[in-house]
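Novice: Fold the following for me, if possible:
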Amino acid sequence: MTQTEPRAPRPAAAPRPRYARAVRRAAHAFSWDQVRAELPALPGGGLNIAHAALHARALAHPERVAIRWLGRRGERREISYAELRRSSSRFANALRGLGVKPGEVVFSLMGRRPELYAAALGTLEAGAVFCPLFSAFGPEPIQQRLRLGSARVLVTTASLYERKLEAIRSELPERLELLVWGEGGGHASPTGTLDLAKRMAEASDRAELAPTGPGDPALLHFTSGTTGTPKGAQHVHEAVLGHYASARHALDLGPGDVYWCSADPGWVTGTSYGIVAPLAHGATLVVDEADFDAERWYRILQDERVEVWYTAPTAVRLLIKQGEALPARFDLSALRFVASVGEPLHAEAVLWGEQVLGRPIHDNWWQTETGGIMIGNVSGAEIRPGSMGRPLPGIDAALAERRGEAGLALLETPEAQGELVLRAGWPSMFRGYLGAEERYRQCFREGWYLSGDLARRDADGRYWFVGRSDDVIKSAGHLIGPTEVESALLAHPAVAEAGVIGVPDAVAGERVKAFVSLRSGSEATHELRQEILAHARRRLGPAVAPREIEFREALPRTRSGKILRRLLRARELGLPEGDLSTLETGA
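Specialist: So this is what the prediction gives:
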């Protein structure tokens, strides 16, 4: 039978959300013009993310800590807003010295290094377009994205260059300049590359901000959703309005907060909410270079007195798997607000947060294409575990059914299930797919952006994620969202992770099969399998509950941590698995 650890004492009550009252007011009186007025514009009315998120803050609070960097070997460094601005300007001038023009694309392939933040902001300061790459990519997906994005510059480290790029150097774009950071003198700049540290040391720390406007290109994020050629989602400088407003409403973030976003800098979350939004609010970013380690993470929350923490369901599941005795050893009393993104946050994780962290975990929803959080459990509002929350101020969401080639029918009935759509025009909305104009047009109908995600909306206006349209299981006339089934399975105390797919069935069309990995201390026995199946039937009913369960040590994931149902299905059915090297996710 199931073995579980004894529950740790419940932590002390969390500090109250700081901006709950302001968020409630904003829900009744909100305009993007008002948000625009809060952010500093360039002379003449232009807008530049680097100016709004860094330069203006550096003028107002030059000595405030912008980045508190924690190295993987115990190093620690604090970088003020003034110092970060100087580094950003040096990088901007280094780009200009290479002849980089506004609108050209600068890629980064780095871990959580201080130099990454200077490169991102300096690129925007120079009017170029910043595009991050995931440092765990292999040579082929890196090369593919550099080619698709017509890369002008790639910023990386000596060790990553040697592991990922050196063997394919001759196959990279001809005009590509490689700026390589030697990592503290441990590596020399490789032959055929430029020394980033030397270039920045020689550059002036005073740079003229490029006269960009709200609609000028600023960010490029590649996403492929499941598989195939990566899509390059293009974003503009006006996106900073969406980053700024959503961070206030959905993350309770404000000036001086100690903030930790654990997202990898190679993904859109690591840019929108790991760089732009917190700096635009004048917060202090905790940046941890090391890989996930549960004890290290709890120690960071304690020692850095983190107030706002933005993480992912994958990380939450890994923490849950470690048990409740570990977090009980740490003082988490500074933690005021916890949020999660990347995939649905199951109800059991919300309840775990309340029990173990002393504060609930606030789920929210967005995509690479939306550029920022669209739907969330906002500061100070009641959380219904399993719900994504409500649309943020300034965001108009609905559920719809596609009709014919170009039609769209909105669904008004509570509890109806349909495709989640958003009224086009919010500031952080993507403005195109790189080189794929027709593909971009197909994302919109009758003024609505089509997300491809299925959801339902309850009578109180809260949205509940059902699944991607191609993930829904059709069994005996029922449409079954895998997320609902996975949530029920995760409520069993022995289950650490669950992935659910549909497999062919001669009678029902499809039947539900679950793949489960167990928490530490639980043994994969026939008796436990029957117990979990019975648990799911009680919660979901026999029509929706899985018919079979297969235990796995670990479940396959995308590179950013989402459970890869497509691969589970391919392996189960003996189908081609496709090119897994390109797999990415949205937020």
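
Novice: Run through this protein and note the low-pLDDT ranges.
Specialist: 1-16, 19-28, 183-188, 224-228, 469-472, 474, 476-479, 507, 558-561, 575-587 (pLDDT under 70).

Novice: which helix in it runs the most residues?
Specialist: Scanning the chain for the helix with the most residues, using DSSP state H, yields helix 81-97.

Novice: and it, which residues are buried?
Specialist: Using 16 or more other CB atoms under 10 Å as the test for burial, helix 81-97 gives 81-96. (C-beta placed from N, C-alpha, C; glycine too.)

Novice: Show me how the protein divides into domains.
Specialist: For the chain, automatic domain parsing gives the domain ranges 20-457, 472-582.

Novice: Turn those into a markdown table, including distance to Tyr463.
Specialist: Formatted as a markdown table, these follow (distance: least, CB to CB, whole Å):
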| stretch | distance to Tyr463 |
| --- | --- |
| domain 20-457 | 5 |
| domain 472-582 | 12 |
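
Novice: Packed most tightly, which of those domains would that be?
Specialist: Sort those by mean neighbour count, taking mean count of other CB atoms under 10 Å, and domain 20-457 sits at the top with a mean of 20.

Novice: for it, the distance to its chain's centre please.
Specialist: Relative to the chain's own centre, domain 20-457 is displaced by 7 Å; criterion: CA atoms, centre = their mean, to the nearest Å.

Novice: again with stretch 497-511
Specialist: 29 Å.

Novice: Contacts for it, please.
Specialist: For stretch 497-511, contacts defined as CB atoms under 8 Å, 6 or more residues apart in numbering pick out 317, 321, 473-476, 480, 482, 485-486, 489-490, 512-517, 546-548, 554-555, 563-565, 568-569, 572-573.

Novice: again, 6 Å this time
Specialist: By CB atoms under 6 Å, 6 or more residues apart in numbering, the residues outside stretch 497-511 that reach it are 317, 473-476, 482, 485-486, 489-490, 513-517, 547, 555, 563, 565, 568-569, 572.

Novice: Val350 versus the nearest residue to Arg329 once chain neighbours are set aside, what's the distance?
Specialist: Nearest residue to Arg329 in three dimensions, chain neighbours excluded: Tyr298, at 7.4 Å (CB to CB, 6 or more residues apart in numbering). Distance of Tyr298 to Val350, given as CB to CB, to the nearest Å: 19 Å.

Novice: for Val129, same thing?
Specialist: Distance from Val129 to Val350, by CB to CB: 37 Å.

Novice: Kindly report the same for Pro427.
Specialist: Distance from Pro427 to Val350, by CB to CB: 29 Å.

Novice: what do you get for Ile480?
Specialist: Distance of Ile480 to Val350, computed by CB to CB: 22 Å.

Novice: Next up, phi/psi of Trp181, please.
Specialist: When read as degrees, to the nearest 10, the backbone of Trp181 gives phi -90, psi 130.

Novice: my guess is it contacts Lys198, does it?
Specialist: No: using CB atoms under 6 Å, Trp181 is not in contact with Lys198; the gap is 10.3 Å.

Novice: Show me what the longest helix of the chain packs onto, helices and strands only.
Specialist: Helix 81-97 sits against helix 56-60, helix 114-125, helix 196-202, with contacts defined as 3 or more CB pairs under 6 Å, 6 or more residues apart in numbering; DSSP states H and E.

Novice: And the contacts of stretch 277-289?
Specialist: The contact list for stretch 277-289, computed with CB under 6 Å, 6+ apart, reads 52-54, 57, 65, 67-72, 112, 243-244, 247, 253-255, 257-260, 304.

Novice: List the ones among the contacts of stretch 497-511 that fall in strands.
Specialist: Applying DSSP state E to the contacts of stretch 497-511, the entries found in strands are Ile473, Lys474, Ser475, Lys513, Ala514, Phe515, Val516, Ser517.

Novice: still on that earlier bit, adding distance to Pro43, write the helices and strands packed on helix 81-97 out as a markdown table.
Specialist: Formatted as a markdown table, those follow (distance: least, CB to CB, whole Å):
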| stretch | distance to Pro43 |
| --- | --- |
| helix 56-60 | 12 |
| helix 114-125 | 15 |
| helix 196-202 | 26 |
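
Novice: Compare those and give me the one nearest Tyr273.
Specialist: Judged by CB to CB, the one of the helices and strands packed on helix 81-97 that comes nearest to Tyr273 is helix 114-125, at 13.0 Å.

Novice: And that closest one, what does it pack against?
Specialist: Packing partners of helix 114-125 (3+ CB pairs under 6 Å, 6+ apart): helix 49-50, helix 81-97, strand 105-109, strand 129-132.

Novice: so which of those gets nearest Val308?
Specialist: Closest among these, using CB to CB: helix 81-97, at 18.0 Å.

Novice: and that closest one with helix 114-125, angle?
Specialist: 60 degrees (axes from the mean of the first three to the mean of the last three CA atoms, to 10 degrees).

Novice: Pull the residues that contact helix 81-97.
Specialist: 54-55, 57-58, 61-62, 64, 66, 118-119, 121-122, 125-126, 199-200, 203-207.

Novice: Now do that helix against strand 105-109: the angle between them, please.
Specialist: Using the same axes, to 10 degrees, helix 81-97 lies at 120 degrees relative to strand 105-109.

Novice: got the CA coordinates for helix 81-97 in CSV?
Specialist: C-alpha atoms of helix 81-97 as CSV (Å, rounded to 0.1, in the frame of the first residue of the first chain):
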residue,chain,number,x,y,z
TYR,A,81,20.6,49.6,-11.6
ALA,A,82,23.3,52.1,-12.5
GLU,A,83,25.9,49.3,-13.1
LEU,A,84,23.5,47.3,-15.2
ARG,A,85,22.8,50.5,-17.3
ARG,A,86,26.5,51.0,-17.9
SER,A,87,26.9,47.4,-18.9
SER,A,88,23.9,47.6,-21.2
SER,A,89,25.3,50.7,-22.9
ARG,A,90,28.7,49.1,-23.3
PHE,A,91,27.0,46.2,-25.1
ALA,A,92,25.0,48.5,-27.3
ASN,A,93,28.1,50.4,-28.3
ALA,A,94,29.9,47.1,-29.0
LEU,A,95,27.1,46.1,-31.4
ARG,A,96,27.4,49.5,-33.1
GLY,A,97,31.1,48.9,-33.4
